[in-house]
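A.B. asks: model the following, please.
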Amino acid sequence: TFDPLVRHFPDGHRLVCIDFPGHGLSSHLPKGEGYNIQLESIGYIQRVRKYLGLEKFWIIGHSMGAGLGSLYTATFPEHVQGLVMMDLIKITSRGNHEVVQKTRDAITERLAMEEKFQNKPEKVYKTYEEALARLLDSADM
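C.D. replies: The predicted structure follows:
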C-alpha cells in the first residue's frame with residue numbers, strides 16, 4: 001500500500017510498517033492466543049513506540065490500519081503528532097467516554113503485567129509436593 005508513497009516522503013523521515021499478527025507477511029499467533037483486533041493491535045502499536053523510543057510520531061493507516069490508527073490516537077493522543085487515514089474502516093460505534101479510557105486502561109495494565117513478569121525470575125520448587133502445596137494454598141477452594 002505504501003510503496004508508491006515512500007518516494008514522496010521528505011529526506012530524513014523514517015517509515016516503520018507494522019504487520020499485525022496474522023496479517024501481511026507476519027506469523028499467526030500461537031494456539032490459545034486470541035485475536036482481539038482492536039485491543040491487541042493498539043497494544044502492538046504502543047509496544048513498537050516504546051521499543052523505538054518514540055515520544056511523538058505520525059500514524060499513516062490504510063483500511064483497518066486507518067481505523068486502528070484512529071483508535072490509538074484517541075487512546076494515546078499525547079504520543080501522536082498527526083494522523084493520516086486512507087480508506088478508513090469504522091472500528092467501533094461506542095461513545096468516547098466508553099471506549100477511550102477503558103481501552104487505554106486495558107492496554108496500560110496488560111503491558112505493565114507483561115513487564116512485571118518479564119523481569120520476575122521463574123519460581124522453582126524443590127519437590128513436586130512443595131509445588132502442589134503452593135498451588136493448593138493459592139486456590140480458592
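A.B. asks: what is the neighbour count of residue 62?
C.D. replies: 17 (other C-beta atoms under 10 Å). Where you see a C-beta, it was placed from the backbone N, CA and C, and this is true even at glycine.
A.B. asks: ditto for the one 4 residues further on
C.D. replies: The burial metric for residue 66, expressed as a neighbour count using other C-beta under 10 Å, is 21.
A.B. asks: what's the answer for residue 51, then?
C.D. replies: Neighbours around residue 51, by other C-beta under 10 Å: 8.
A.B. asks: so how far is residue 14 from it?
C.D. replies: Separation of residue 51 from residue 14 (C-beta to C-beta, to the nearest Å): 13 Å.
A.B. asks: and what of residue 29?
C.D. replies: For residue 29 relative to residue 14 (C-beta to C-beta), the value is 27 Å.
A.B. asks: which one's more surrounded, these two?
C.D. replies: residue 29 (13 against 8).
A.B. asks: assumed that one was part of a helix.
C.D. replies: No: according to DSSP: H, G, I helix; E, B strand; the rest coil, residue 29 belongs to no helix; its state is coil.
A.B. asks: now it: how far from residue 2?
C.D. replies: Taken as C-beta to C-beta, the span from residue 29 to residue 2 is 24 Å.
A.B. asks: check residue 135 too.
C.D. replies: Counting by C-beta to C-beta, the gap from residue 135 to residue 2 is 50 Å.
A.B. asks: more crowded one of the two?
C.D. replies: Counted by other C-beta under 10 Å, residue 135 and residue 2 do not tie: residue 2 has more neighbours, with 13 against 10.
A.B. asks: appreciated, that's everything.
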